[in-house]
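Undergrad: Okay, predicted coordinates and the sequence, questions at the end:
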Amino acid sequence: FSRMPSVALRGSFATAGTFASPYRTTYLTWDFWNSGSVSGQMGVDRLAVQLMVDRLTVTLGRFPVNHSVTFLFTPNDLFAPFSASAINKVYKPGVDALRVVVTTGMLSAVELDAVMGYGTDDEPSWGRTAMLVRLNTILWNFEWALLGGKVAERWIVGGSLQGELGPIGVRAEGHAGFPDRDGDGGLDDD
């Protein structure tokens with residue numbers, strides 16, 4: 001449940017009911033209070049089933065998906081980036097997704113995330129749907145990861161690494177994005 005004094009502060013105090021995203025259907029969020037500039041919402045934020053068989057894990061439902069490794073700036077948080085004014089940067093809202101993870105070795109895996117996208121009328125939208133592949137492994141005491149695919153209205157390719165160099169923790173991540181505003185699968189000319 002949430003009561004917000006203004007729309008401007010919504011990112012600072014995000015909850016399951018107030019988080020707006022092209023990756024969440026509005027049918028699982030309900031307004032229960034609206035009085036002046038104060039509103040209240042409630043919503044489903046975590047509801048998923050998981051199947052684990054040998055080296056395969058399949059998760060379906062609403063759950064958080066996060067590929068970021070840094071703390072202050074999280075460029076690879078493609079599904080629920082927090083506001084710069086957010087107070088709780090640990091909370092990650094769930095998105096409507098299917099995740100398939102295949103463990104390829106003791107310290108490596110291949111992950112496919114298919115995240116349903118919705119248009120302004122809350123109808124499923126291919127242009128706003130995400131399909132991402134992430135490869136990760138541990139080498140020289142660092143976790144290395146590559147990711148690429150389609151997210152809402154753009155294509156991306158990127159990566160991350162994290163580990164320790166003696167007493168110094170090293171974390172880096174980033175991606176390049178290529179616009180596809182109409183969602184037809186082709187890159188925009190500009």
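TA: Cool, the structure landed.

Undergrad: Remind me which helix or strand the most centrally placed residue in the chain belongs to.
TA: The C-alpha lying nearest the average C-alpha coordinate of the chain belongs to residue 79 (Cα atoms, centre = their mean; 2.6 Å). For residue 79, there is no enclosing helix or strand under DSSP states H and E.

Undergrad: Double-check it against residue 23; I have them as touching.
TA: Yes - if you go by Cβ atoms under 8 Å, residue 79 and residue 23 touch, sitting 5.4 Å apart. Backbone N, C-alpha and C define where each C-beta goes, glycine included.

Undergrad: Name all residues that sit in contact with the two at the same time.
TA: Here residue 79 and residue 23 share the contacting residues 95, 115, 130, scored by Cβ atoms under 8 Å, 6 or more residues apart in numbering.

Undergrad: Now intersect those residues with the strands, please.
TA: If you go by DSSP state E, the shared contacts of residue 79 and residue 23 have 95, 115, 130 in strands.

Undergrad: And the strands in the chain?
TA: 2-4, 29-35, 38-43, 47-53, 56-63, 95-105, 108-115, 130-139, 142-151, 154-165, 168-179.

Undergrad: hang on, the earlier thing: in CSV: the shared contacts of residue 79 and residue 23, plus pLDDT, distance to residue 45 and neighbour count.
TA: Below are the shared contacts of residue 79 and residue 23 laid out as CSV (pLDDT from 0 to 100; distance: Cβ to Cβ, whole Å; neighbours: other Cβ atoms under 10 Å):
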residue, pLDDT, distance to residue 45, neighbour count
95, 90, 10, 26
115, 94, 15, 24
130, 92, 18, 22
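
Undergrad: For residue 133, give me its contacts.
TA: If you count contacts by Cβ under 8 Å, 6+ apart, residue 133 has them with 110, 111, 112, 147, 148, 149.

Undergrad: isn't the third one right up against residue 132?
TA: Think residue 112. Yes - using Cβ under 8 Å, residue 112 and residue 132 qualify as a contacting pair, with a distance of 7.2 Å.

Undergrad: Of those two, which one has the most company?
TA: Taking neighbours as other Cβ atoms under 10 Å, residue 112 and residue 132 compare with residue 132 leading, 23 against 15.

Undergrad: What's the separation between that one and residue 64?
TA: Going from residue 132 to residue 64 by Cβ to Cβ, to the nearest Å gives 14 Å.

Undergrad: Same question for residue 183.
TA: Noted for residue 183: a distance of 24 Å to residue 64, by Cβ to Cβ.
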